[in-house]
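# quick one, structure for this:
(2 chains)
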2 protein chains.
Amino acid sequence: VRKVILASASPRRSELLKLVIPEFEVVPSDFDEDSMRPGETPEQHVLQAALEKAREVARKRRCALVIGADTVVVVDVDVLGKPRDEDDARRMLHMLSGRGHFVYTGLAVVTRDDEECCATGCERTEVRFRPLPHDLIDRYIATGEPMDKAGAYAIQGRGCVLVESIEGCYFNVVGLPLYRLSRLLEEFGVEVLVPG
Amino acid sequence: VRKVILASASPRRSELLKLVIPEFEVVPSDFDEDSMRPGETPEQHVLQAALEKAREVARKRRCALVIGADTVVVVDVDVLGKPRDEDDARRMLHMLSGRGHFVYTGLAVVTRDDEECCATGCERTEVRFRPLPHDLIDRYIATGEPMDKAGAYAIQGRGCVLVESIEGCYFNVVGLPLYRLSRLLEEFGVEVLVPG
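Now for the predicted structure:
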């Protein structure tokens, strides 16, 4: 059985992965996230970034099964990253108010001995927000929660009340689509839900 | 400001409510859950049960704002409660395998001084399961997680890998639809996301 490594520094991804497999190691990748290139679709961008993150760690840790993930929030043609400051968070939340947007996560599972072997997948979830009055946005920003989150919200946190409904995988919106990841792991012979 | 009371013994509902309001008390209702009556729809059933739970506590705690909730899992015309034993859990998981089902939660907010004042709402979420091989069902049952859950799974737990996608409110599937609840609380002048 190959050792599993999560190539992400996100404590949220680590918490989620614990639901699926009992043991793994966390080795954040040094891969620098770029912004999207002209002509690149969100799917292409997150798949490439997930693959680069996983590859970077797989080169250093031979024979391990390395998981990379990359998530973006897309509203119309705008890609929202983490807000720079509270004004930027306010701008993003106004953009998301009373409408739908998409969250994309690219996943890559890479293992390398003599050759590299990889499997990738991309998950897309639509998230519909309630109309957000100014005072609700102000109170949400005051919680501090938006500041380190792509799109300036956390569905799994106090941002839950902003979200009317979703369509797709919930865990994708948190940052790690667990159903799709479990199917990728199965391709490499890793069984999910085994006792830990 | 009225005191808020959650009329539910569920630790999951309590955890979720903490995301929305900073302070509340838990007073489980003594209301006995019945099964559905002939001709009753799932909406009618969960609304009535949520209302009875909240009323029962509101009668004892005048002027408090009491939240009641009731959740059922519906696959075709069958309503799934908590499994009686592992065989019953296995039967339910086979029923849910490779298809969609619906989760309904009824919500009621009740306050009583000289008169009773109440607001209710029902949330429905579709949950689509992956095809579940026998060995996956066996491993999931071995985790012990299905035994105290309606429909024999917990989307927020290790059951996450069984769920391909959902359509609607995620927190409804966990047992307390937070967006809808926050709107009901707003009707009573309770602001969400205030500092605790």
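
# now the element after the longest helix along chain A, going C-ward?
Longest helix of chain A, by residue count under DSSP state H: helix A:42-60. Beyond helix A:42-60 on the C-terminal side, the first helix or strand identified by DSSP states H and E is strand A:65-75.

# same question for the next helix or strand after that following strand, mean pLDDT?
As assigned by DSSP H and E, the chain's next helix or strand after strand A:65-75 is strand A:78-80. Strand A:78-80 carries an average pLDDT of 93.

# what separates residue A:84 from chain B, distance-wise?
Distance, residue A:84 to chain B, using C-beta to the nearest C-beta, to the nearest Å: 22 Å. For glycine as for every other residue, the C-beta is placed from the backbone atoms N, C-alpha and C.

# which parts of chain A sit against chain B?
Within reach of chain B by C-beta under 8 Å from any C-beta of the partner chain, chain A has these residues: A:16, A:19-20, A:125, A:130, A:136, A:139-140, A:142-143, A:155, A:157-158, A:160-171, A:178-179, A:182-183, A:191-195.

# mark which of those residues are buried, thanks.
Buried by 16 or more other C-beta atoms under 10 Å in any protein chain shown: A:16, A:19-20, A:125, A:130, A:136, A:139-140, A:143, A:155, A:158, A:160-171, A:178-179, A:182-183, A:192-193, out of these.

# if you look at those, which of them are in helices?
Counting by DSSP H, those place A:16, A:136, A:139, A:140, A:170, A:171, A:178, A:179, A:182, A:183 in helices.

# possible to save the residues you listed as JSON lines with distance to residue A:103 and pLDDT?
Output for these, formatted as JSON lines (distance: C-beta to C-beta, whole Å; pLDDT from 0 to 100):
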{"residue": "A:16", "distance to residue A:103": "14", "pLDDT": "97"}
{"residue": "A:136", "distance to residue A:103": "21", "pLDDT": "97"}
{"residue": "A:139", "distance to residue A:103": "23", "pLDDT": "96"}
{"residue": "A:140", "distance to residue A:103": "18", "pLDDT": "97"}
{"residue": "A:170", "distance to residue A:103": "10", "pLDDT": "98"}
{"residue": "A:171", "distance to residue A:103": "10", "pLDDT": "98"}
{"residue": "A:178", "distance to residue A:103": "14", "pLDDT": "98"}
{"residue": "A:179", "distance to residue A:103": "15", "pLDDT": "97"}
{"residue": "A:182", "distance to residue A:103": "19", "pLDDT": "97"}
{"residue": "A:183", "distance to residue A:103": "19", "pLDDT": "96"}
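
# now do the end-to-end distance for stretch A:141-159.
This stretch, stretch A:141-159, spans 10 Å end to end (C-alpha to C-alpha, to the nearest Å).

# how about it: buried residues?
With burial defined by 16+ other C-beta under 10 Å, the residues of stretch A:141-159 counted as buried are A:141, A:143, A:145-146, A:149-156, A:158-159.

# pick the one among these closest to residue A:90.
residue A:141 (6.3 Å; C-beta to C-beta).

# rewinding a little: distance to residue B:62 added to the ones in helices among the buried ones among the residues of chain A next to chain B, as CSV?
Output for these, formatted as CSV (distance: C-beta to C-beta, whole Å):
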residue, distance to residue B:62
A:16, 43
A:136, 30
A:139, 29
A:140, 33
A:170, 39
A:171, 42
A:178, 45
A:179, 47
A:182, 50
A:183, 53
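
# look up how far residue B:135 lies from the residue nearest in space to the middle of chain A.
Most central in chain A under C-alpha atoms, centre = their mean is residue A:175, positioned 2.9 Å from the mean C-alpha point. Residue A:175 sits 29 Å away from residue B:135, going by C-beta to C-beta, to the nearest Å.
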